[in-house]
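1. take this sequence and fold it.
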Amino acid sequence: MAPATGVYTLDGEEIRGPITPVGNFILVKVKDTLTATAGGILLPDQSKERATEGLVIAAGPGKVHPFTAVRIHNPIKEGMSVLYGQFDGKAVTYNDDACQLLRDDDCLLYYEGVTMKFDNVFPVRDYVLIELDKDPETLSTSSGVVIANQVMADALPCEGRVVKVGEGRMASNGEFTKAQVAVGDRVKFRDYAGNEVKIEGKDYTVVKMIDILGSLKENP
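-> As a prediction, this is how the structure comes out:
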(Lines give C-alpha, C1' and ligand atoms only; values in the text may rest on other atoms or scores of the structure.)
Protein backbone atom coordinates (compact mmCIF):
# COMPACT_ATOMS: atom_id res chain seq x y z
CA MET A 1 0.00 0.00 0.00
CA ALA A 2 1.38 3.39 -0.99
CA PRO A 3 1.87 5.99 1.75
CA ALA A 4 -0.68 8.79 1.98
CA THR A 5 1.91 11.28 0.78
CA GLY A 6 2.74 9.18 -2.25
CA VAL A 7 6.42 9.36 -1.28
CA TYR A 8 8.28 6.25 -0.07
CA THR A 9 10.96 6.72 2.55
CA LEU A 10 13.56 4.49 4.18
CA ASP A 11 15.25 5.66 7.38
CA GLY A 12 14.11 9.20 6.65
CA GLU A 13 15.45 9.28 3.07
CA GLU A 14 13.19 9.36 0.02
CA ILE A 15 13.41 6.25 -2.20
CA ARG A 16 12.12 5.60 -5.72
CA GLY A 17 9.36 3.15 -4.79
CA PRO A 18 8.26 0.37 -2.45
CA ILE A 19 10.75 -2.09 -1.00
CA THR A 20 10.71 -5.49 -2.71
CA PRO A 21 12.44 -8.14 -0.55
CA VAL A 22 14.61 -10.64 -2.42
CA GLY A 23 15.26 -14.31 -1.68
CA ASN A 24 13.81 -15.35 1.65
CA PHE A 25 13.69 -11.88 3.18
CA ILE A 26 10.46 -10.38 4.46
CA LEU A 27 9.54 -6.85 5.49
CA VAL A 28 7.55 -6.72 8.73
CA LYS A 29 5.76 -3.79 10.32
CA VAL A 30 6.32 -4.11 14.06
CA LYS A 31 3.20 -4.54 16.17
CA ASP A 32 2.82 -3.13 19.64
CA THR A 33 2.71 -6.00 22.13
CA LEU A 34 -0.34 -5.37 24.28
CA THR A 35 -1.79 -7.09 27.32
CA ALA A 36 -5.39 -6.68 28.46
CA THR A 37 -5.97 -6.01 32.15
CA ALA A 38 -8.97 -7.35 34.05
CA GLY A 39 -10.67 -4.00 33.42
CA GLY A 40 -10.13 -4.27 29.68
CA ILE A 41 -7.36 -1.65 29.51
CA LEU A 42 -4.60 -2.55 27.06
CA LEU A 43 -1.07 -2.11 28.33
CA PRO A 44 2.29 -2.69 26.62
CA ASP A 45 3.92 -5.97 27.63
CA GLN A 46 6.79 -4.82 29.83
CA SER A 47 8.27 -8.33 29.92
CA LYS A 48 9.63 -7.92 26.40
CA GLU A 49 12.61 -5.71 25.65
CA ARG A 50 11.16 -5.07 22.22
CA ALA A 51 8.18 -6.27 20.24
CA THR A 52 8.65 -9.54 18.38
CA GLU A 53 5.37 -9.65 16.54
CA GLY A 54 4.69 -8.01 13.22
CA LEU A 55 2.55 -7.74 10.11
CA VAL A 56 4.17 -8.84 6.85
CA ILE A 57 3.92 -6.06 4.26
CA ALA A 58 6.17 -7.64 1.64
CA ALA A 59 7.88 -11.02 1.18
CA GLY A 60 10.43 -12.51 -1.19
CA PRO A 61 9.76 -15.76 -3.10
CA GLY A 62 12.31 -17.82 -1.13
CA LYS A 63 16.00 -18.53 -1.33
CA VAL A 64 17.71 -20.62 -4.01
CA HIS A 65 19.84 -23.52 -2.77
CA PRO A 66 23.47 -22.72 -3.71
CA PHE A 67 24.26 -26.25 -4.96
CA THR A 68 21.03 -27.58 -6.46
CA ALA A 69 19.47 -24.28 -7.60
CA VAL A 70 16.16 -25.49 -6.14
CA ARG A 71 13.94 -22.67 -4.93
CA ILE A 72 13.19 -23.21 -1.23
CA HIS A 73 9.79 -21.60 -1.00
CA ASN A 74 9.05 -18.88 1.52
CA PRO A 75 6.08 -19.95 3.68
CA ILE A 76 5.55 -16.37 4.83
CA LYS A 77 3.26 -14.27 2.64
CA GLU A 78 2.14 -10.65 2.54
CA GLY A 79 -0.74 -10.03 4.92
CA MET A 80 0.28 -12.69 7.43
CA SER A 81 1.45 -11.88 10.94
CA VAL A 82 4.61 -13.45 12.35
CA LEU A 83 6.35 -13.99 15.66
CA TYR A 84 10.11 -13.72 15.30
CA GLY A 85 13.26 -13.99 17.39
CA GLN A 86 13.81 -11.10 19.78
CA PHE A 87 17.16 -10.06 18.34
CA ASP A 88 16.71 -11.20 14.73
CA GLY A 89 16.57 -9.02 11.66
CA LYS A 90 17.51 -5.47 10.79
CA ALA A 91 15.49 -2.59 12.21
CA VAL A 92 14.48 0.05 9.63
CA THR A 93 12.04 2.95 9.47
CA TYR A 94 9.92 2.51 6.35
CA ASN A 95 7.39 5.22 5.49
CA ASP A 96 7.70 6.45 9.10
CA ASP A 97 6.75 3.02 10.52
CA ALA A 98 9.02 0.87 12.69
CA CYS A 99 9.81 -2.23 10.61
CA GLN A 100 12.12 -5.22 10.56
CA LEU A 101 13.81 -6.89 7.60
CA LEU A 102 13.93 -10.61 8.47
CA ARG A 103 14.67 -13.94 6.86
CA ASP A 104 11.89 -16.51 6.83
CA ASP A 105 14.21 -18.64 9.01
CA ASP A 106 13.94 -15.98 11.73
CA CYS A 107 10.18 -16.52 12.06
CA LEU A 108 8.91 -18.90 14.73
CA LEU A 109 5.15 -18.82 14.08
CA TYR A 110 2.80 -17.29 11.55
CA TYR A 111 -0.92 -16.65 11.55
CA GLU A 112 -3.67 -14.83 9.68
CA GLY A 113 -6.13 -12.55 11.43
CA VAL A 114 -5.96 -9.70 13.91
CA THR A 115 -4.65 -11.59 16.93
CA MET A 116 -2.67 -14.74 17.57
CA LYS A 117 -4.91 -17.62 18.68
CA PHE A 118 -4.25 -21.30 19.11
CA ASP A 119 -6.46 -22.27 16.17
CA ASN A 120 -4.86 -19.90 13.66
CA VAL A 121 -1.18 -20.15 14.56
CA PHE A 122 1.29 -22.45 12.78
CA PRO A 123 4.97 -23.21 13.45
CA VAL A 124 7.36 -22.31 10.64
CA ARG A 125 9.10 -25.26 8.97
CA ASP A 126 10.90 -27.40 11.57
CA TYR A 127 9.68 -25.51 14.61
CA VAL A 128 7.43 -27.28 17.12
CA LEU A 129 4.89 -25.62 19.43
CA ILE A 130 4.97 -27.13 22.92
CA GLU A 131 2.54 -26.56 25.76
CA LEU A 132 4.66 -26.19 28.86
CA ASP A 133 4.04 -28.32 31.93
CA LYS A 134 1.89 -26.73 34.60
CA ASP A 135 3.50 -24.51 37.21
CA PRO A 136 5.96 -26.51 39.27
CA GLU A 137 5.38 -27.22 42.94
CA THR A 138 6.45 -24.42 45.21
CA LEU A 139 8.66 -24.29 48.24
CA SER A 140 8.13 -22.03 51.23
CA THR A 141 11.15 -20.40 52.83
CA SER A 142 11.49 -19.83 56.57
CA SER A 143 10.31 -16.25 56.05
CA GLY A 144 7.14 -17.48 54.40
CA VAL A 145 8.08 -16.42 50.87
CA VAL A 146 6.90 -18.95 48.30
CA ILE A 147 9.48 -19.78 45.62
CA ALA A 148 8.99 -22.07 42.65
CA ASN A 149 11.16 -25.19 42.55
CA GLN A 150 12.45 -24.25 39.09
CA VAL A 151 13.71 -20.93 40.49
CA MET A 152 15.43 -22.71 43.35
CA ALA A 153 17.10 -24.98 40.81
CA ASP A 154 17.98 -22.03 38.56
CA ALA A 155 16.37 -23.74 35.57
CA LEU A 156 13.78 -22.90 32.95
CA PRO A 157 10.95 -25.27 31.97
CA CYS A 158 12.25 -27.73 29.37
CA GLU A 159 9.45 -30.30 29.21
CA GLY A 160 5.98 -30.24 27.76
CA ARG A 161 3.49 -31.67 25.30
CA VAL A 162 3.65 -31.14 21.53
CA VAL A 163 0.52 -29.35 20.32
CA LYS A 164 1.52 -28.26 16.80
CA VAL A 165 4.26 -29.27 14.36
CA GLY A 166 5.57 -27.36 11.34
CA GLU A 167 5.76 -28.81 7.84
CA GLY A 168 9.35 -29.92 8.41
CA ARG A 169 12.84 -29.03 7.26
CA MET A 170 13.30 -28.61 3.54
CA ALA A 171 16.16 -30.55 1.97
CA SER A 172 18.28 -29.40 -0.96
CA ASN A 173 15.97 -31.23 -3.40
CA GLY A 174 12.95 -29.24 -2.24
CA GLU A 175 11.36 -32.07 -0.26
CA PHE A 176 10.45 -31.84 3.41
CA THR A 177 11.81 -34.02 6.17
CA LYS A 178 8.99 -34.56 8.62
CA ALA A 179 9.42 -33.94 12.32
CA GLN A 180 10.31 -36.92 14.49
CA VAL A 181 7.64 -36.01 17.03
CA ALA A 182 3.88 -35.77 16.66
CA VAL A 183 1.05 -33.87 18.29
CA GLY A 184 0.37 -35.37 21.71
CA ASP A 185 3.96 -36.49 22.40
CA ARG A 186 5.46 -35.36 25.68
CA VAL A 187 9.03 -34.22 25.07
CA LYS A 188 12.13 -32.88 26.74
CA PHE A 189 14.15 -30.21 24.96
CA ARG A 190 17.53 -28.61 25.41
CA ASP A 191 17.87 -26.05 28.20
CA TYR A 192 17.32 -22.45 27.07
CA ALA A 193 16.36 -23.60 23.54
CA GLY A 194 12.71 -22.57 23.82
CA ASN A 195 11.17 -19.26 22.78
CA GLU A 196 8.37 -18.68 25.27
CA VAL A 197 5.05 -17.28 24.03
CA LYS A 198 1.65 -16.81 25.63
CA ILE A 199 -1.35 -17.67 23.44
CA GLU A 200 -4.84 -17.00 24.76
CA GLY A 201 -3.50 -16.90 28.31
CA LYS A 202 -1.63 -20.22 28.17
CA ASP A 203 2.13 -20.69 28.25
CA TYR A 204 3.84 -22.33 25.29
CA THR A 205 7.32 -22.48 23.88
CA VAL A 206 8.54 -22.76 20.28
CA VAL A 207 11.48 -25.12 19.78
CA LYS A 208 13.44 -26.27 16.74
CA MET A 209 13.16 -30.01 16.11
CA ILE A 210 16.93 -30.36 16.43
CA ASP A 211 16.73 -29.09 20.03
CA ILE A 212 14.25 -31.76 21.15
CA LEU A 213 16.19 -34.42 23.04
CA GLY A 214 13.59 -37.16 23.21
CA SER A 215 10.03 -38.26 23.88
CA LEU A 216 9.01 -39.04 27.45
CA LYS A 217 6.84 -42.00 28.31
CA GLU A 218 3.82 -41.31 30.45
CA ASN A 219 3.62 -42.91 33.88
CA PRO A 220 1.36 -45.99 33.84
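2. what's near enough to touch Val28?
-> Gly54, Leu55, Val56, Ile57, Val82, Tyr84, Gly89, Cys99, Gln100, Leu101, Leu102 (C-beta atoms under 8 Å, 6 or more residues apart in numbering). Where C-beta positions appear, they are placed from N, C-alpha and C, glycine not excepted.
3. the fifth one touches Pro75, doesn't it?
-> No. Taking contacts as C-beta atoms under 8 Å, Val82 lies outside contact range of Pro75: 10.0 Å.
4. what is in contact with these two at once?
-> Tyr110, Val124.
5. of those two, which one has the most company?
-> Val82 (26 against 19; other C-beta atoms under 10 Å).
6. which secondary structure element is home to that one?
-> Element membership for Val82, per DSSP states H and E: strand 81-84.
7. list of residues touching that strand?
-> 26, 28, 31, 52-56, 76, 100, 102, 106-113, 116, 124, 197, 206.
8. roughly how far out does the helix or strand following that strand sit from the chain middle?
-> Downstream of strand 81-84, the next assigned helix or strand under DSSP H and E is strand 90-94. Between the centre of strand 90-94 and the centre of its chain there are 19 Å (C-alpha atoms, centre = their mean, to the nearest Å).
9. try stretch 179-192
-> With C-alpha atoms, centre = their mean, you get 17 Å for stretch 179-192.
10. name the residues that touch that stretch?
-> Counting by C-beta under 8 Å, 6+ apart, 126, 128, 130, 155-156, 158-166, 168, 205, 207, 209, 211-216, 218 sit against stretch 179-192.
11. tell me which residues of it come out buried.
-> Ala179, Val181, Asp185, Arg186, Val187, Phe189 (16 or more other C-beta atoms under 10 Å).
12. try stretch 87-95
-> For stretch 87-95, burial by neighbour count (16+ other C-beta under 10 Å) applies to Gly89, Tyr94, Asn95.
13. what is the nearest of the residues you listed to Ala2?
-> Nearest to Ala2 among the buried residues of stretch 87-95 is Asn95, at 8.8 Å by C-beta to C-beta.
14. mind checking how far the nearest residue to the closest one once chain neighbours are set aside is from Gln100?
-> Residue nearest to Asn95 in three dimensions, not counting chain neighbours: Pro3, with 4.5 Å by C-beta to C-beta, 6 or more residues apart in numbering. As for Pro3, its distance to Gln100 is 18 Å (criterion: C-beta to C-beta, to the nearest Å).
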